[in-house]
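Q: this one's sequence-less:
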């Protein structure tokens, strides 16, 4: 299929992609600097994180937060952002935080960053002596050995809340269901569409799709960062418009949108 | 220059090295980008040594304090050493091969199989027809479960409706998810590049 | 009333025990329930049936061992057909746990291999764990000879049919058996460049793989253990897939029964509590 337009110097078929990426940069930067405060709907899963930590503090139980089994991809990065907020909230309320890591071949490189985040939370809140390295066990680089370890920790520690964000694969179901069975408030993030269905049933709150990467901006309560979430809606609006108009135009026999998207 | 600014500059340059060759054909940059990815992969492999060090350090500390379950830490450290010794004897045959296929992979498969039990428990607990949406969801679930069971097709053809549901609603949901996740990841990545997510870099966020 | 209450909240171990019995009994004493073959499996079979002695197939076992238990029927049935068609197979894996799987598969199809005189080095080569990450897949797609020099046993690949492979365009077919580890990388570096791909994936991945089928990146998609069982049925070689289909069917029906029982308990206790309030 021939492209509708080309940009000199850009590889064929990638011009539109480049334009969209540059545009998203500009729009996000604009929203970060503009000072506008758009409406951002409540995300129940993210609001529930504070409630879950508070409930654990009342019951005198720890909070477990997992960051997934992947290496440095955007799910893990968004999980680390959420971990920063959770760990600071836990330290403020005097709740012990457990962060088991591992599960994948690349999970070794994520662990030092997670350790640093939790340690810094204790330091910033003025309780560096309360930090316990044994609360961040590295369980295994093997997925199901990690799962067994997490399930064991859940059964023994019986946390008040289990915040399971980041890149979880088939072990997500094991962990979420065990967390519910031990009575923890379970907040999960459906990182893959195949996981969303089962986690929506198994957990109390679920973050679907882009709610997890938006968490850092949402939880920071910084208007500029929240404004950047608007950019996601703009691009989703563009996608919806392309789908609807493209379907109509293609049905009428024109290849315009296919040529446009092939550019 | 502060470490925060240095980290952001290094990150932005790395981003450009990988991002630019995808859109603009610069052969030297393409090669450098591939090498950078390979270097990252090798560095990741070396962090395995850090993980082993961390495990033994924590393990010895655990055994010294002797809390409940300390014997399992001893077991873990012995099995790490044993597997390392087995691996020295070759990976394709011998004791490493036996340990992998007689112990580790069956245990891994059993853990994967346990998923079915958790799914059954969730089905019984969570699928309640509380409102119209959940009733529709349950009915759709029934149709798909019946369609997936091979025996159903032998006397009652649910193929057309099952394939229709999978190829319209299922496909649409999958694509919707992919679009929203991609957009979310792009915006998140841009916030990181612009220094709005310091926690991710391990930089202490300032009050 | 107490029965309805027990339907609404009960010990999960009862569910686990029931499921264990429902799955184990048919495995020990097969019932031989008939199965139907779906169009997607027929399409998959047509693709591998069309292979011939001049075709070069890259078989990627993109799974851990736990995932292999779900898709082994599809792997064994597909590779049996490829052996029967004398297609040349190069077997690579993308997870350390999967390094022993090629030998298990060839042991399962040993009779077919011997019958057709399928010889290591001439007709098939096992490379082992050569696709640990996307960089490896990308390098192999761009410059095969620069990346792959030795097979799993440490022998040189020079002199085998792999001498004909230079980049992605030299492969007739990529056959990916995946739990999602490097499937994206294979699509990016082989499928999107035009190399025909067929995929056998686990059940939870089916909805995420369908877009690639509808856009033509995949020629065919074999769906999980059920697809593998259907392929065994089509090819006339019953195996682990067909053996498991009785348990598969009864397990699905049991989930439906559990949902119905849970809802009876839910509505029963909801009705009773409303009556009590009145």
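A: Here it is on my side, so go on. The model shown is predicted, which means the values in this text are computed figures rather than measured ones. Numbers count the residues shown, from 1 in each chain, chains lettered A, B, ... in the order given.
Q: Lowest mean pLDDT among the helices and strands, pick that one out for chain A.
A: helix A:215-220 (a mean of 77; mean pLDDT, DSSP states H and E).
Q: Now it: buried residues?
A: Buried positions in helix A:215-220, judged by neighbour count with 16 or more other CB atoms under 10 Å in any protein chain shown: A:215, A:216, A:217, A:218, A:219, A:220. (Each C-beta comes from the backbone N, C-alpha and C, glycine too.)
Q: where exactly do the helices run in chain B?
A: Counting by DSSP state H, chain B has helices at residues B:3-23, B:27-65, B:70-88, B:94-98, B:105-126, B:132-148, B:150-155, B:159-165, B:171-193.
Q: Throw the ones you listed into CSV and include mean neighbour count and mean pLDDT, thanks.
A: Formatted as CSV, the helices of chain B follow (neighbours: other CB atoms under 10 Å in any protein chain shown; pLDDT from 0 to 100):
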stretch, mean neighbour count, mean pLDDT
helix B:3-23, 14, 82
helix B:27-65, 14, 78
helix B:70-88, 14, 88
helix B:94-98, 15, 83
helix B:105-126, 20, 85
helix B:132-148, 15, 88
helix B:150-155, 18, 78
helix B:159-165, 14, 82
helix B:171-193, 20, 83
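Q: rewinding a little: now, which of the buried residues of helix A:215-220 sits nearest chain C?
A: Of all the buried residues of helix A:215-220, residue A:215 has the smallest distance to chain C: 22.6 Å, by CB to the nearest CB.
Q: sorry, back to before: closest to residue C:13 out of the buried residues of helix A:215-220?
A: Nearest to residue C:13 among the buried residues of helix A:215-220 is residue A:215, at 35.9 Å by CB to CB.
Q: Which element, helix or strand, includes the closest residue to that closest one other than its chain neighbours?
A: Closest residue to residue A:215 apart from its sequence neighbours, by CB to CB, 6 or more residues apart in numbering or on different chains: residue A:82 at 4.9 Å. Element membership for residue A:82, per DSSP states H and E: helix A:74-93.
Q: which other residues reach the helix or strand just after that helix?
A: Toward the C-terminal end, the helix or strand that comes next after helix A:74-93 (DSSP H and E) is strand A:97-98. Under the criterion CB atoms under 8 Å, 6 or more residues apart in numbering or on different chains, residues A:62-65, A:86-87, A:90-91, A:118, A:135-136, A:153, A:157, A:159 lie in contact with strand A:97-98.
Q: Give the partner strands of strand A:97-98 in its sheet and their orientations.
A: Applying DSSP bridges to the sheet, strand A:97-98 is found paired with strand A:63-68 (parallel).
Q: if we can go back for a sec, would you turn the helices of chain B into JSON lines with distance to residue A:21?
A: Output for those, formatted as JSON lines (distance: least, CB to CB, whole Å):
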{"stretch": "helix B:3-23", "distance to residue A:21": "8"}
{"stretch": "helix B:27-65", "distance to residue A:21": "16"}
{"stretch": "helix B:70-88", "distance to residue A:21": "44"}
{"stretch": "helix B:94-98", "distance to residue A:21": "46"}
{"stretch": "helix B:105-126", "distance to residue A:21": "38"}
{"stretch": "helix B:132-148", "distance to residue A:21": "36"}
{"stretch": "helix B:150-155", "distance to residue A:21": "45"}
{"stretch": "helix B:159-165", "distance to residue A:21": "35"}
{"stretch": "helix B:171-193", "distance to residue A:21": "7"}
